[in-house]
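K.L.:
Turn this into a structure:
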Amino acid sequence: MLSDCYFGDVEAIDEGNNFPEYFHSTFILPTSFSMNSLNNKRKYIIVGRKGSGKTAVQFYLSEKLKEKGYISKFFSFHSDVKPKDYNSAARTQKIDMLGVVNSRNIFLNYDFREIWLRTFLVKIAEELSENSFTSQFTKFVLGKRSRLSSIFEGVLKSASVEISAEMFDISASVGFDFAKYKGGSEVPLSEYISAALELLRRHHQDHLFYLYVDELVLSRLDAADDEVKVRAAMVRDILRSARELNNFFIKHNLDFHIVCALRPEIRNLLNDMDSEIGKLVDGKSVKLEWDMSDGSETLLFRLLIQKVIHSKHLEVINFADFVEPKINFGKKTILLENFIKINTWGRPRDVVQLLNSIADENPDSPRIGEDEIKNALNEYSRRAMNEIKDEISVRHGNAIAKTLRENINKRLYKSFDEFDRSVIAKFGFANTSTLVDDLFHYGVIGNYDDSFNARRYYWFHRGEEFLKPSLGVCIHPGLWNYLNIR
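P.N.:
Residues are numbered from 1 along each chain as shown. Just a heads-up that it's a prediction; the model follows:
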């Protein structure tokens with residue numbers, strides 16, 4: 001029964017931790033992506049769409065590096081930064097949010113770099129301590145705590161940090177005299193960080209470490225505008241802090257590395273607010289993309305095969321017997337591999353969502369046949385739209401999906417002008433020029449051309465860079481069921 005099968009988790013970290021054998025048996029790396037480039041000297045920012053496998057790549061890399069003696073630590077911005085932390089964050093700044101008229105100036109005046117430098121040093125110290133590598137560095141950074149209960153724990157409004165008598169003595173051992181600061185109990189965060197880095201350099205020269213900073217995401221779906229700006233500034237400063245620490249590690253020959261994972265819509269939002277951050281991201285990032293060419297077998301289809309044949313723990317499933325190779329839609333027959341190409345966006349998560357939708361909608365079925373796939377299309381389409389909604393909402397708010405559903409009423413629009421009048425004109429609350437770009441980049445719309453013998457389609461995830469106004473506009477087939485246009 002399909003209910004007995006495990007087809008993977010949407011969150012790769014859960015799959016890797018809870019089902020490690022399944023994760024490693026089904027992991028596939030895009031041919032265009034180099035693991036060897038992820039280090040402090042070359043590239044340390046992974047840029048990829050939601051569901052493209054950024055977390056899976058980091059987890060796989062961490063497991064491989066463990067075999068070479070590296071220690072790994074994962075930090076999730078989305079999960080580990082709590083709502084109360086945003087209020088604490090604003091209180092550490094010297095500006096008054098309500099007193100700044102220009103919202104862009106609010107963003108540019110935020111500076112959370114010292115907060116994140118301290119946080120990353122704490123995360124490094126936590127993992128070193130858990131691996132029995134205690135030192136003056138870990139004692140200084142962790143103090144009496146085993147770990148931070150809050151990112152801003154111990155940070156005062158004056159951007160200083162409280163230290164104990166023991167921490168005072170440890171810092172003095174590497175040349176930092178904090179007695180001049182209120183008897184040594186409150187120290188400027190900048191000097192605290194300098195002391196911590198010197199202690200790290202002196203006591204952990206021989207250790208190997210990777211810190212993975214994952215889920216650098218934010219959305220307008222669940223946050224007020226001011227909070228979005230705080231979150232965006234924090235993500236920007238995470239990237240700046242990662243650069244600063246990686247440069248420190250290189251300078252002092254420390255085999256320590258910080259790798260960050262970033263989605264393109266977050267990168268674009270940061271560029272809109274602060275163009276300088278684009279220089280850092282473009283110079284230190286590697287793209288995670290999946291080839292969706294028309295070759296004999298795409299990597300995504302190979303991934304689907306692996307997910308299926310290993311889905312019953314100790315039993316290896318015969319894929320040919322378990323999965324129907326083709327699907328009939330009216331008089332048209334389509335091979336399953338072509339169905340995957342047409343109905344996904346070239347992401348591993350699409351495959352997991354499709355297989356789990358099939359299992360959830362057909363729990364008592366003994367195999368994946370044509371009926372099982374068709375029964376799951378509504379659920380799969382809903383999940384796909386939720387993924388896209390999260391991406392588009394970053395710049396356009398939470399009314400996107402509802403407005404699309406109300407106004408898209410057919411699969412093809414003969415011209416861009418027709419689509420503009422019928423759909424885009426209904427988005428009075430959004431920057432329509434940017435919205436069109438995002439609808440294309442995140443896979444709601446594409447182009448089609450009937451001037452050839454057979455109709456041709458053009459999608460961003462298939463290599464097209466921009467929507468051409470001279471061609472017709474098509475709606476992605478994976479969303480037809482959600483939009484009720486199948």
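K.L.:
sec struct for V473, please.
P.N.:
strand (DSSP: H, G, I helix; E, B strand; the rest coil).
K.L.:
Would you agree it is in contact with Y413?
P.N.:
Yes - contact criterion C-beta atoms under 8 Å: V473 and Y413 qualify, at 4.3 Å. For the C-beta atoms, the positions are set from N, CA and C on the backbone; glycine is no exception.
K.L.:
any common contacting residues for these two?
P.N.:
F419 (C-beta atoms under 8 Å, 6 or more residues apart in numbering).
K.L.:
which of the two has more neighbours?
P.N.:
V473 (28 against 21; other C-beta atoms under 10 Å).
K.L.:
hmm, which helix or strand of this structure has the shakiest average pLDDT?
P.N.:
The least trusted helix or strand in the chain, going by mean pLDDT, DSSP states H and E, turns out to be helix 103-109, with a mean of 60.
K.L.:
Next secondary structure element downstream of it?
P.N.:
helix 113-130 (DSSP states H and E).
K.L.:
List the neighbouring strands of the helix or strand in which I327 is found plus their orientation.
P.N.:
Assessed by DSSP H and E, I327 sits inside strand 326-329. Take DSSP bridges as the rule and strand 326-329 pairs in its sheet with strand 332-335 (antiparallel).
K.L.:
average model confidence for the next helix or strand along the chain from the strand it pairs with?
P.N.:
Counting by DSSP H and E, the element after strand 332-335 in chain order, helix or strand, is helix 336-343. Helix 336-343 shows an average pLDDT of 93 in the prediction.
K.L.:
ditto for stretch 387-397
P.N.:
pLDDT averaged over stretch 387-397 gives 85.
K.L.:
got the contact list for it?
P.N.:
In contact with stretch 387-397 (C-beta under 8 Å, 6+ apart) are residues 49-51, 217-221, 263, 265-266, 268-269, 272, 349, 353, 398, 400-401, 427, 429-431, 434-435, 438-439, 442-444, 479.
K.L.:
In helices, which of the residues you listed fall?
P.N.:
265-266, 268-269, 272, 349, 353, 400-401, 434-435, 438-439 (DSSP state H).
K.L.:
Just flag the most distant two among those residues.
P.N.:
D272 and Q353 (29.3 Å; C-beta to C-beta).
K.L.:
Compare neighbour counts for the two and give me the winner.
P.N.:
Neighbour count, other C-beta under 10 Å: between D272 and Q353, Q353 has more, with 26 against 14.
K.L.:
And the strands in the stretch 151-300 of the chain?
P.N.:
Here the stretch 151-300 of the chain has its strands, by DSSP state E, counting those that start in this stretch, at 160-162, 186-188, 208-216, 255-262, 285-287.
K.L.:
so what's D255 up against?
P.N.:
D255 touches Y70, H207, L208, F209, F249, counting by C-beta under 8 Å, 6+ apart.
K.L.:
swap the cut-off to 7 Å and go again
P.N.:
Neighbouring residues of D255 by C-beta atoms under 7 Å, 6 or more residues apart in numbering: L208.
K.L.:
Show me which residues of stretch 415-431 are buried.
P.N.:
F416, F419, V423, I424, F427, A430 (16 or more other C-beta atoms under 10 Å).
K.L.:
Can you get me the start-to-end distance on it?
P.N.:
21 Å (C-alpha to C-alpha, to the nearest Å).
K.L.:
residues in contact with it?
P.N.:
So stretch 415-431 is contacted by 396-397, 399, 403, 407-408, 413, 432, 435-436, 469, 472-473 (C-beta under 7 Å, 6+ apart).
K.L.:
Right, I'll call it a day here.
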